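**Student:** Coordinates for the following, if possible.
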Amino acid sequence: MYIDSHVHLDDSRFDLDRDNLIRTLKDNKVELVINIGADEDSSERSVELADRYENIYAVVGVHPHSAKDLEGRDLSSIIKMLENDKVVAIGEIGLDYYYDNSPRDIQKKWFKEQINLALRLNKPVVIHSRDADKDTFDIIKSGVEEGGLTGVMHCYSGSVELAKEYLKLGFYISLGGPVTFKNARVPKEVAKEVALDRLLIETDCPYLSPEPYRGKRNEPMFVSYVAEEIAKIKGISIEEVAEVTTKNAKKLFGIK
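**Tutor:** A predicted model of the protein is given here:
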């Protein structure tokens, strides 16, 4: 059985079949999923799904794309959501200098604010980082040194060398559909070099579908293709990948 550690089942692309998909997760060897917020609205939807379904846990937070929407406001709504026992982390938060949908200074401000919130509440974080390696690492390192921050680098796309630095900080590395892409040299190198007990697996559905479903809607059941590729790269069984990554996810998110 797998844990898909990063899904967006609240996305409108699941509106027609969401309930059936969730109710058949275990039939497709997915024990549970972690539904991730990207702004206040999607965070609220994540909590609603977690309350409705036993096999869903929620993560709440504001993505760097939406950081600009927090200006003149505060994190009170996120803080309220974090009172729910099925909300297991803060995310996805971080920096995105590829799209720059929010000004970089605003991204960094709210990234730091949400990390400080995680430290106050002793919650792990789910990190989004794109074209912002140095700033992301420096902010996370500061959080680790100040208060023992823990978390996961979601759909990791950085170098092996940087992954090793995150491991030294106690962070997990999560791999998704891109590790299955034929030309994805770096994710495959990361899968090879990072110890299995520091890896999580994810789909990021409905985005980033693995081979052979590229271009189609991604779904939690497709996490098996991620596990299969990691098993192939490491020369181990897919059952071992499933067992250890499930254990890792439960440990990070405090799920019994």
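
**Student:** alpha carbons only for contacts and neighbour counts from here, please
**Tutor:** Fine.

**Student:** Do a quick rundown of the strands in the chain.
**Tutor:** Taking DSSP state E as the criterion, the chain carries its strands at 2-7, 30-36, 56-60, 87-96, 125-130, 151-153, 172-175, 199-201.

**Student:** Only C-alpha atoms, please: export the fourth one in CSV.
**Tutor:** Only the C-alpha atoms of strand 87-96 are listed here, as CSV (Å, rounded to 0.1, in the frame of the first residue of the first chain):
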residue,chain,number,x,y,z
VAL,A,87,-4.3,19.0,9.4
VAL,A,88,-0.8,17.6,9.5
ALA,A,89,1.5,20.3,8.0
ILE,A,90,1.8,23.8,6.6
GLY,A,91,2.1,24.1,2.8
GLU,A,92,2.6,24.2,0.1
ILE,A,93,4.8,27.2,0.8
GLY,A,94,8.1,28.4,-0.6
LEU,A,95,9.5,30.5,-3.5
ASP,A,96,8.8,30.5,-7.2
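
**Student:** follow-up on the earlier one: let me have the strands of the chain in a markdown table, adding mean pLDDT, distance to Leu119 and mean neighbour count as columns.
**Tutor:** Converted to a markdown table, those look like this (pLDDT from 0 to 100; distance: least, Cα to Cα, whole Å; neighbours: other Cα atoms under 10 Å):
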| stretch | mean pLDDT | distance to Leu119 | mean neighbour count |
| --- | --- | --- | --- |
| strand 2-7 | 98 | 21 | 28 |
| strand 30-36 | 98 | 19 | 24 |
| strand 56-60 | 99 | 15 | 28 |
| strand 87-96 | 98 | 10 | 27 |
| strand 125-130 | 98 | 9 | 24 |
| strand 151-153 | 98 | 11 | 25 |
| strand 172-175 | 98 | 17 | 27 |
| strand 199-201 | 98 | 22 | 27 |
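
**Student:** So which of those strands is nearest Ile139?
**Tutor:** Closest approach to Ile139 among the strands of the chain is made by strand 87-96 (9.2 Å; Cα to Cα).

**Student:** Listing partners with orientation, what would you give for the closest one?
**Tutor:** Using DSSP bridges, the strands paired with strand 87-96 are strand 56-60 (parallel), strand 125-130 (parallel).

**Student:** Dump those strands into CSV; add distance to Val30 as well.
**Tutor:** Conversion of the strands paired with strand 87-96 to CSV gives the following (distance: least, Cα to Cα, whole Å):
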stretch, distance to Val30
strand 56-60, 11
strand 125-130, 20
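
**Student:** quick one: which of those strands is nearest Thr136?
**Tutor:** The stretch from the strands paired with strand 87-96 with the least distance to Thr136 (Cα to Cα) is strand 125-130; that distance is 6.6 Å.

**Student:** distance between the closest one and the chain's centre?
**Tutor:** Here strand 125-130 shows a centroid-to-chain-centroid distance of 7 Å under the convention Cα atoms, centre = their mean, to the nearest Å.

**Student:** Repeat that for stretch 240-256.
**Tutor:** 13 Å.

**Student:** pLDDT averaged over that stretch, what's the number?
**Tutor:** For stretch 240-256, the mean pLDDT works out to 98.

**Student:** Could you pull out the buried residues of that stretch?
**Tutor:** Of the residues in stretch 240-256, those with enough neighbours to count as buried (16 or more other Cα atoms under 10 Å) are Val241, Ala242, Val244, Thr245, Thr246, Lys247, Asn248, Ala249, Leu252, Phe253.
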